[in-house]
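Novice: below is the sequence, then the predicted model.
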Amino acid sequence: MHILLLGSGGREHALAWKIAASPLVTKFWCAPGNAGIAREAECVALDVADHAAVIEFCKTNAVELVVVGPETPLAAGIVDDLAGAGIKAFGPSKAAAQLESSKGFTKALCTEFGIPTGAYKRFTKADDARAYVQSQGAPIVIKADGLAAGKGVVVAKTVREAEDAIAMMFEGAFGEAGAEVVIEEFLPGREISFFALCDGETAIPLASAQDHKRVFDHDVGPNTGGMGAYSPTPLVTPAIHDAIMARIILPTVSGMKQRGTPFRGVLYAGIMLTTQGPKLFEFNVRFGDPECQVLMLRMMSDIVPAFLAACDGQLKHFDLRWHPESALTVVMAAKGYPGDYQKGTRIEGLEEAAKVDNVEIFHAGTVAKDGAILANGGRVLNVCALGATVTEAQARAYQAVDRIRWPDGFCRRDIGWQAVEAEKAQN
């Protein structure tokens, strides 16, 4: 098959690594890609936002499947445009992508189909939003309705913090994304990421994972796109797994079908494990980043037939197999992230780091220049490892991190701490 992957981050490098391993692939491109992806696929300088150019490339090169990595092109309707041109694409339609591109859309769906989630209200005026916060008190969660690159959510510990977040969003900090604001109940509990592959009717669960959103050790500092992840998580017991599928994933797939906007692609549920059971706090319509990296390491099955089955409505005949080992990834980010950071700093020692047993290094924000690898983003590298336990995977990942020479980068040193503590308690 001829396959085109869209995207340029760590998630896309992990997908590229997995797709490239498929015996079905004869020609493989990635647009625009990065320095790491270039080892797996031919990188092409296509503007992913230019749908006509993507379609033209697919026609010229007889592309049979397009895999869309990030949410922005999905929300812009690239899958609809490719389908209109007769090109198969993995990912949801623009209408179905509203599960991520509109927080209000998702909340309304939850209400309509009885999907457990936090109480909420939607606002288009700052004064009304402030009055609601004052009546509810804190902690409380303020969300920009639209896409804000993972940064449009504020968990306000005080009413003042909530008021500041409302002002920031309505004053245009996130552009159009903040024109409507969703304010919802704060859900206490443990957060997990749950993924399912969907074909519009059927959903099959992927392995469980947990990411670490806060920038610094011990879960302090601002929220980020994710500083590391591991899979599986001990928090997802078989009973919790079944409850998430029965109460959240399957009713969503069924509800979207009933609405005439069937969901095909990967559904990523951000779930809080509360005392009343699992509750949804957000949906994403693509693989998580960095959760995708640990899922790809653990996936034993060929991913290409899975993508095709999701596109073709054939998942009911499908089964995915997983390696029993644990996987863990540590994100190395540019100093200053998630605030201002410098680009173009030099990274060395990657080859020595990759020699650690069972380690894979996925590039997130890198560029190759004159034979050197330079940082080209906020989150720059994903140092991933497999191990018999999370503790073993963690030790290998940090052994590799310590071989990388990048004075302008940093990482958390406690990725996987919940699982490591649980493993210690068992021993």
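Specialist: Sure, I can see it. All of these numbers come straight from a predicted model, not from anything done at the bench.
Novice: residues in contact with the most centrally placed residue in the chain?
Specialist: For the chain, residue 288 is the residue whose C-alpha lies nearest the centre (C-alpha atoms, centre = their mean; 1.5 Å). Counting by C-beta atoms under 8 Å, 6 or more residues apart in numbering, residue 288 makes contact with 11, 193, 195, 209, 211, 226, 229, 268. For the C-beta atoms, the positions are set from N, CA and C on the backbone; glycine is no exception.
Novice: residue ranges for the helices of the stretch 151-300 of the chain, please.
Specialist: Under the criterion DSSP state H, counting those that start in this stretch, the stretch 151-300 of the chain contains helices at 159-170, 238-244, 250-258, 291-298.
Novice: what distance separates the third one from the middle of the whole chain?
Specialist: If I follow you right, that is helix 250-258. Centroid separation for helix 250-258 versus its chain: 21 Å, with C-alpha atoms, centre = their mean, to the nearest Å.
Novice: deepest-packed of the helices of the stretch 151-300 of the chain, please.
Specialist: Of the helices of the stretch 151-300 of the chain, the one with the most neighbours on average (mean count of other C-beta atoms under 10 Å) is helix 291-298, at a mean of 28.
Novice: same question for that one, mean pLDDT?
Specialist: For helix 291-298, mean pLDDT is 97.
Novice: after that helix, next one along is what?
Specialist: helix 303-312 (DSSP states H and E).
Novice: give me the distance from that next one to the chain's centre.
Specialist: 19 Å.
Novice: what does that helix rub up against?
Specialist: 1, 3, 15, 18-19, 22, 24-25, 65, 67, 88-90, 197-199, 264-266, 296, 314-315, 317-318, 320.
Novice: mind picking the two most distant members of the contacts of residue 288?
Specialist: Largest separation among the contacts of residue 288 by C-beta to C-beta: 195 and 226, giving 13.8 Å.
Novice: any chance of the helices of the stretch 151-300 of the chain in TSV with distance to residue 278 as columns?
Specialist: Below are the helices of the stretch 151-300 of the chain laid out as TSV (distance: least, C-beta to C-beta, whole Å):
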stretch	distance to residue 278
helix 159-170	25
helix 238-244	5
helix 250-258	12
helix 291-298	17
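Novice: so where is the stretch 51-200 of the chain shaky, pLDDT-wise?
Specialist: Residues of the stretch 51-200 of the chain that meet the criterion pLDDT under 70 lie in 149-151.
Novice: could I get the full set of strands for it?
Specialist: Counting by DSSP state E, counting those that start in this stretch, the stretch 51-200 of the chain has these strands, from start to end: 65-68, 89-90, 120-123, 140-144, 153-156, 181-185, 190-199.
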